[in-house]
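# Dropping a prediction and its sequence here:
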Amino acid sequence: MSDTRTPAQIEADIVRRREQLAEMLDEIGVRVHPRTVIGDAKAKVASTVDETAGRAFVAVNRTLSGVKERFVGEDGAPRLERVVPVAMVAVGLVGLLAVSARRRRG
């Protein structure tokens, strides 16, 4: 297998490959530079946090919608048969906490 290229073509190929190698080395240098590594890590963490926050928002929104459906009718009026017992339990708990706090102080 003989090389039919001229010396000028061989020299041009060497120059081209040298430039490609220089570009690759520059790119590797940028990729492994501490600022680049830190920036990539920050971006990954931010993306993960955004994704987690989005999932949490969806879960909370779904839960609140479920609670609302239980205590508010389709017409927007509160369902008193469900609201009143929950309110009574809440008032009872607050009363127990107040009595408990008084006993601890006195």
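Okay, I see it.
# which regions of the protein sit below the pLDDT cut-off?
By pLDDT under 70, the low-scoring segments of the chain are 1-2, 106.
# Can you spell out the domain ranges of it, please?
As assigned by automatic domain parsing, the chain contains the domains 1-32, 78-106.
# which helices and strands does the biggest helix by length in the chain pack with?
Scanning the chain for the longest helix, with DSSP state H as the assignment, gives helix 34-71. Identification of packing neighbours for helix 34-71 by 3 or more C-beta pairs under 8 Å, 6 or more residues apart in numbering; DSSP states H and E yields helix 80-105. Bear in mind the C-beta positions are built from the backbone N, C-alpha and C, glycine included.
# So which elements touch the helix it packs on?
Right, helix 80-105 is packed against helix 34-71 by 3+ C-beta pairs under 8 Å, 6+ apart.
# Measure how the helix it packs on sits relative to helix 80-105, angle-wise.
Put simply, helix 34-71 runs at 120 degrees to helix 80-105, going by axes from the mean of the first three to the mean of the last three C-alpha atoms, to 10 degrees.
# about what we covered before: if you count neighbours, what's buried in the longest helix of the chain?
For helix 34-71, a neighbour-count test (16 or more other C-beta atoms under 10 Å) marks nothing as buried.
# So what's the gap between it and the chain middle?
Offset of helix 34-71 from its chain centre (C-alpha atoms, centre = their mean, to the nearest Å): 4 Å.
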